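Student: build me a model from this:
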Amino acid sequence: MQETATFLIRYIHKENGGKHTALNIGISTIESELTFIVDSDDWLKPSAIETILRYYSKYTDREELCGYSFLRSFPDGKINGQLFEPDEWIASYIEARINADDTLADKAEVFYSRCLKEYPFPVYSGEKFLGEDIVWIRMAHKYKMLHINEAIYIGNYQADGLTKNRRANNIKSPIGCMHRAEEFMCKDIKLKYRIKGGLQYFIYGLFAGKSLRELYTKSKNKVLLLICLVPGVIIKRKWSRLK
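Tutor: Next up is the predicted model:
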C-alpha cells in the first residue's frame, strides 16, 4: 500500500501493548494540525475529509476547542447512537456525551494534534486495554468540542473486537480501569454515572488485588464510595465466578 498510495503513508512497528500505547507512539510523531483515529476494520465516507476541513475552516479560530465530533454509521446506514442537540453544538465531552446519555455509542472524533499530545494515554505495566474516554474526560475539564450531525465514519463491531469483549478485557487490565472509573466520579458528571464509576472503582480495584481500605483511603470521593462499597464487593464476587 505504501508503494501504490497517492499520499504519504508512514508505517511504525511496535510490540503489542494495546491500542492506547500504539496511539501514544503514533500521536508523538504527528506533524499535521488534525488527527483522526480510524480503526483498521472501519472506513470513511468519500466526502469525510472534505467535510472535516469545511468545519475546521469555519471554527479554526475557536481556541476553546480540542476538536470536532462527527457521527458514525453502521454499514446499513443506521446512525450509531443519537444525534447531537443542537447541531454544531459547542460543548465538552462530559456535557455532550456523558451527561447527554450517549456514552455507549461511538462517534467520529477529529482532534487537534496539540491537544492529544497534551493528554497522552496513561500506561499501566502489563495491561493492554484502556477505555479512551479516560483521556476524553480529562481533556473535557479544559477544552470543548464542536459536535456535528454529519456521519463521516462507517464501522461495525466484530465478534472478537474490543467493544464486544469489554468486560473480559477490563478484568485483564484492572489498574487502568480503576483509574478510568475515578474520572467518572468527578462532580460535573451526572450522579448515575458517578455511582457507576464508584462501583467500577471498587470492582476493578479488587480485581487488581487492592484492599477495600486502600481503595477507600486513597480516593477523594469518600461519601460516594460509602454508597458503592457493599454493592461493588457483591458485583466483583459475581463477576469472579463468571471469569
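
Student: ok, Thr60 to Leu71 distance?
Tutor: Thr60 sits 21 Å away from Leu71, going by Cβ to Cβ, to the nearest Å. Every C-beta, even on glycine, is put in place using the N, C-alpha and C of the backbone.

Student: next one: Pro86
Tutor: Counting by Cβ to Cβ - Pro86 and Leu71 are separated by 14 Å.

Student: in CSV, could you pull the C-alpha coordinates for stretch 195-202?
Tutor: Output in CSV follows, covering the C-alpha atoms of stretch 195-202 (Å, rounded to 0.1, in the frame of the first residue of the first chain):
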residue,chain,number,x,y,z
ILE,A,195,-22.3,5.9,41.1
LYS,A,196,-21.4,3.6,38.2
GLY,A,197,-17.8,4.9,38.4
GLY,A,198,-17.7,4.3,42.2
LEU,A,199,-18.9,0.7,41.7
GLN,A,200,-16.3,0.1,39.0
TYR,A,201,-13.6,1.7,41.1
PHE,A,202,-14.2,-1.0,43.8
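
Student: and that stretch, how far from the chain's centre?
Tutor: The chain centroid and the centroid of stretch 195-202 are separated by 17 Å, computed with Cα atoms, centre = their mean, to the nearest Å.

Student: contacting residues around it?
Tutor: 177-178, 180-185, 189, 212, 215, 219, 221, 224-225, 227-229, 231-233, 235-236 (Cβ atoms under 8 Å, 6 or more residues apart in numbering).

Student: PyMOL command to pick out the buried ones of the residues you listed?
Tutor: The buried residues among the contacts of stretch 195-202 can be selected in PyMOL (16 or more other Cβ atoms under 10 Å) with this line:
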select buried, resi 177+178+180+181+182+183+184+185+189+215+219+221+224+225+228+229+232+235+236
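
Student: who has more neighbours, Thr60 and Leu71?
Tutor: Taking neighbours as other Cβ atoms under 10 Å, Thr60 and Leu71 compare with Leu71 leading, 21 against 12.

Student: now for the chain, the helix or strand with the poorest mean pLDDT.
Tutor: helix 166-172 (a mean of 89; mean pLDDT, DSSP states H and E).

Student: by contact count, what packs against that one?
Tutor: helix 191-207 (3 or more Cβ pairs under 8 Å, 6 or more residues apart in numbering; DSSP states H and E).

Student: restricting to C-alpha, output the longest strand anywhere in the chain in CSV.
Tutor: Selection of the longest strand in the chain by residue count, based on DSSP state E, yields strand 144-154. The C-alpha coordinates for strand 144-154 follow below in CSV (Å, rounded to 0.1, in the frame of the first residue of the first chain):
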residue,chain,number,x,y,z
LYS,A,144,-14.8,21.7,24.4
MET,A,145,-15.6,20.1,21.0
LEU,A,146,-17.8,21.0,18.1
HIS,A,147,-20.5,18.3,17.8
ILE,A,148,-21.8,17.9,14.2
ASN,A,149,-24.7,15.8,12.9
GLU,A,150,-23.0,14.5,9.8
ALA,A,151,-21.9,10.9,9.5
ILE,A,152,-18.4,10.6,8.1
TYR,A,153,-17.3,7.2,9.5
ILE,A,154,-18.7,3.7,8.8
